[in-house]
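Chemist: pasting the sequence and the predicted coordinates here, then a few questions.
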Amino acid sequence: MATAAMPNHSKAASYCEKFLKNFVDESNDNDKESIKYMAQLQQIANRNSKVLRIDLDDVDSSDERYPSFVGELERNTRTFQRLFAEAADRLMPAPDALANSKMDVFDILSEHVSAGGGKGAVPGTVRGGCPDMLLRRFDVYFAPRTKMLPLPMRGVRASHLGHLVRVRGVVTHVTDVKPLVSVVAYTDPETGFEVYQEVTGRTFKPLDNDSKERAKVNRKMQPVMETRGSKFVKFQEARLQELAEEVPEGATPRTLSIHLVGEVTRTMKPGDDVTVTGIFLPEQYTGFRGMRAGLLMSTYLEAHTVQQSKRQYGSAFELSETELAAIEGLGEQGDVYGRLARSIAPEIFGMEDVKKALLLMMVGGQTRLFADGLKLRGDVHVCLMGDPGVAKSQLLKYVSRIMPRAVYTTGKGSSGVGLTAAVLRNQVTKELVLEGGALVLADKGVCCIDEFDKMEEGDRTAIHEVMEQQTVSIAKAGITTTLNTRTTILAAANPAYGRYDRRRSPSENINLPAALLSRFDILWLLLDESSKDNDTRLANHIVRLHLMGRAPAGAVDANNAVNPAEAVVPLKLLRAYIGQARQYEPDVPVQLTEYIASFYAELRQMEKAALGAAATYTTPRTLLSILRLSQALAKLRFSNLVEQSDVDEALRLMRQSKASLESSGPGDHISLIYRLIREYSNRSKELEIPYAKIQELTARHNVSRDQIEECVDEYARIALWNVD
């Protein structure tokens, strides 16, 4: 039986040094920087960088005389990490003349040890007086090969221990960055020299009179541990949760502990969808847990690279030249606003105005922060209320896929603590810490809440502060703080009676508190209305969708060819366009203020004339909603100035959202007229109502004189009122 050859570490070490010294980056025209890794070492020597990143694609393509090198590196990564670090130490160039030559504490300690001839150094714990780790001001990280595919979290097994593996998941928890000791310094009381001990794990045994290393020095007095000469590195622990699509039937998602050391700290936040490459290592339990665990050990992934699966929006968002060219081509074809809206969930038939509202929600308005601390949110909150089967949940799911930072949850499966924050005990430090809920995880993103009406009233009140103030105030277990929740809320709810009842008023059907409804910028009612033409088109769309197995590419002409100007925008381009639009900060010009103010005043007067019969009510938040929608439309044009066409489109969407509510009143005119008369009588306490007053109440509902007389006669026959 053939056996695998033992790796030759001396040969591997020489190859590491040769690779760092001679590898040439052919894509770089600069002769000085074409030797890629020597240029990195020069930056490290100049104290401008702390990272030596080895690209395994470069290693794979560099030398065919050692074809098994990459495979050995991926199977024994920790050893090759040390070999590359030692090779970099040997090849480290002298700093440039213009480099920062300011000495740090480790330079001074090194000179101190060298001047003393290495006296006081503990044999076996140092090399040449100081440990290599003490003077090494860089970390070696490996970037995976392009052809290395992410493993499912359940596919990472014991056979991968020590290997370089790549996994993808969702970050659920990240600790604070804390110092982790890598070299411990002691002071020898007899000689005054420093004694160093290198720490390779999470625990170490201090030097004392009983230790073997201490006996080699032959000192009578115990060395004193010093923090001044010790070296600490940044350490952070995170928890990665398995993707929902990788969880088997009937199982719960698994989690994997991630250790971030050095410059890879602060590269992930809770809620991020990331792909992590690192070394899969075991870790022994300590303390009482170790006594209970016995021979069992835990595992963790020591991260080398962290790659965001979706580019995060923000100041660091940049587009490639290909994406910029695609966006310019999109603008030249025209009707960008309509095409982008139709590209949102193209599998769902119709609903173009609803999709436009969702597009503006993802782009958002402009957050205003005043000098005195007052803040006006720029996020656009949307609530979709409608009958079952109108694809509300599908729209929410699609939005959560588009946005880089999105959390999807349901009302019945969410508690107030699960939405805001919970107090938990940290498994490492054993101290009480806050762990953010869904709204905190979706900070600067979208939180999609399905079945909003099924949420308990006590849990729903936790959202009030989030929607307007964009913070969560916590006072639990001695922890009093305020968390940022700059989150856009997209909610979907069913009417109070499961299906919309036209015989009841919109307020009775919606059954949500007014304090919550006023915080939504757009409340859209989606009704499942029966119409032969619409039902036929919808059925044809669904059948064609099942036959094709994909979303339609766009509108077709007589030859069944897709018009390029009507084609669906790919998801990646849609995400890039939204990210570019969010970079703009549009302002409303002075000449449009009177126009917007007059429309707001008109809405208030119409509501007053309705005498309480209006489906919704207008508040100053409605005015802010108009401004936010106008700014989102200006962002879609890549403009920093709002135009009147933007305001007109925002007002049209506001009217459409209110029209969907007002047009959904009682189905027959008799019930509508009776409801208006009954509400007026209850409000005014009048028992006798003139006929002229009834005409005034029904004037804005397009009710004829014959319909009023029919209603009066109908209810007079059953003796609900008397007619004089």
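Modeler: Nice, I can see it. Residues are numbered from 1 along each chain as shown.

Chemist: going by C-alpha atoms from here, please, whenever you check contacts or count neighbours.
Modeler: Noted.

Chemist: looking at the protein, which helix or strand is least sure?
Modeler: Of all helical and strand segments in the chain, the minimum by mean pLDDT, DSSP states H and E falls on helix 212-217, at a mean of 52.

Chemist: and the following helix or strand past it, what does it pack onto?
Modeler: Counting by DSSP states H and E, the next helix or strand C-terminal to helix 212-217 is strand 224-241. On a contact count with 3 or more C-alpha pairs under 8 Å, 6 or more residues apart in numbering; DSSP states H and E, strand 224-241 meets helix 105-115, strand 164-174, strand 178-187, strand 255-261.

Chemist: now the helices for the stretch 301-450 of the chain?
Modeler: With helices called from DSSP state H, counting those that start in this stretch, the stretch 301-450 of the chain shows them at 321-333, 336-342, 352-363, 392-402, 416-419, 438-441.

Chemist: got phi/psi on Ala475?
Modeler: phi -140, psi 80 (degrees, to the nearest 10).

Chemist: which residue packs closest to it, ignoring adjacent ones?
Modeler: Nearest residue to Ala475, sequence neighbours excluded (C-alpha to C-alpha, 6 or more residues apart in numbering): Thr481, at 6.7 Å.

Chemist: what does Gln307 give?
Modeler: Gln307's closest residue in space is Thr275 (C-alpha to C-alpha, 6+ apart), at 5.1 Å.

Chemist: and the one you found, how far from Thr255?
Modeler: According to C-alpha to C-alpha, to the nearest Å, Thr275 and Thr255 sit 14 Å apart.

Chemist: returning to what we had before: pull out the buried residues from the helix or strand the residue nearest to Gln307 falls within.
Modeler: Thr275 is located in strand 273-284, with elements delineated by DSSP H and E. Buried residues in strand 273-284, counting neighbours by 16 or more other C-alpha atoms under 10 Å, are found at 273-281, 284.

Chemist: just checking, what packs against that strand?
Modeler: Using 3+ C-alpha pairs under 8 Å, 6+ apart: strand 273-284 touches strand 164-174, strand 297-308.

Chemist: quick one: contacts of the shortest one?
Modeler: Residues outside strand 164-174 that contact it (C-alpha atoms under 8 Å, 6 or more residues apart in numbering): 74-77, 148-153, 156, 236-243, 268-280, 435.

Chemist: apply 7 Å and report the result again.
Modeler: 74-75, 77, 149-153, 237-243, 269-280 (C-alpha atoms under 7 Å, 6 or more residues apart in numbering).

Chemist: cool, and the last one?
Modeler: Contacts to strand 297-308, defined as C-alpha under 7 Å, 6+ apart, come from residues 141-143, 256-260, 264, 267, 273-285.

Chemist: what's the average pLDDT for that strand?
Modeler: Strand 297-308 carries an average pLDDT of 90.

Chemist: got the angle for it vs strand 224-241?
Modeler: 70 degrees (axes from the mean of the first three to the mean of the last three C-alpha atoms, to 10 degrees).

Chemist: compute the inter-axis angle for strand 297-308 and strand 164-174.
Modeler: Using the same axes, to 10 degrees: strand 297-308 against strand 164-174 is 90 degrees.

Chemist: and Ile258, how far from Ala251?
Modeler: For Ile258 relative to Ala251 (C-alpha to C-alpha), the value is 22 Å.

Chemist: tell me which of these two has more neighbours.
Modeler: Ile258 (22 against 7; other C-alpha atoms under 10 Å).

Chemist: element containing His546?
Modeler: Judged by DSSP H and E, His546 forms part of helix 532-548.

Chemist: what's the mean pLDDT across that helix?
Modeler: Helix 532-548 shows a mean pLDDT of 81.

Chemist: pull out the buried positions in that helix.
Modeler: Buried, per 16+ other C-alpha under 10 Å, within helix 532-548: His541.

Chemist: alpha carbons only: can I get that helix in CSV?
Modeler: Taking Å, rounded to 0.1, in the frame of the first residue of the first chain, the C-alpha atoms of helix 532-548 are listed here in CSV:
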residue,chain,number,x,y,z
LYS,A,532,-62.3,38.5,-16.0
ASP,A,533,-59.6,40.4,-18.0
ASN,A,534,-57.2,40.8,-15.1
ASP,A,535,-57.7,37.2,-13.9
THR,A,536,-57.1,35.9,-17.5
ARG,A,537,-53.8,37.9,-17.8
LEU,A,538,-52.7,36.8,-14.3
ALA,A,539,-53.4,33.2,-15.1
ASN,A,540,-51.5,33.3,-18.4
HIS,A,541,-48.6,35.0,-16.6
ILE,A,542,-48.5,32.2,-13.9
VAL,A,543,-48.8,29.4,-16.4
ARG,A,544,-46.0,30.9,-18.6
LEU,A,545,-43.9,31.3,-15.6
HIS,A,546,-44.2,27.6,-14.7
LEU,A,547,-43.5,26.6,-18.3
MET,A,548,-40.4,28.8,-18.7
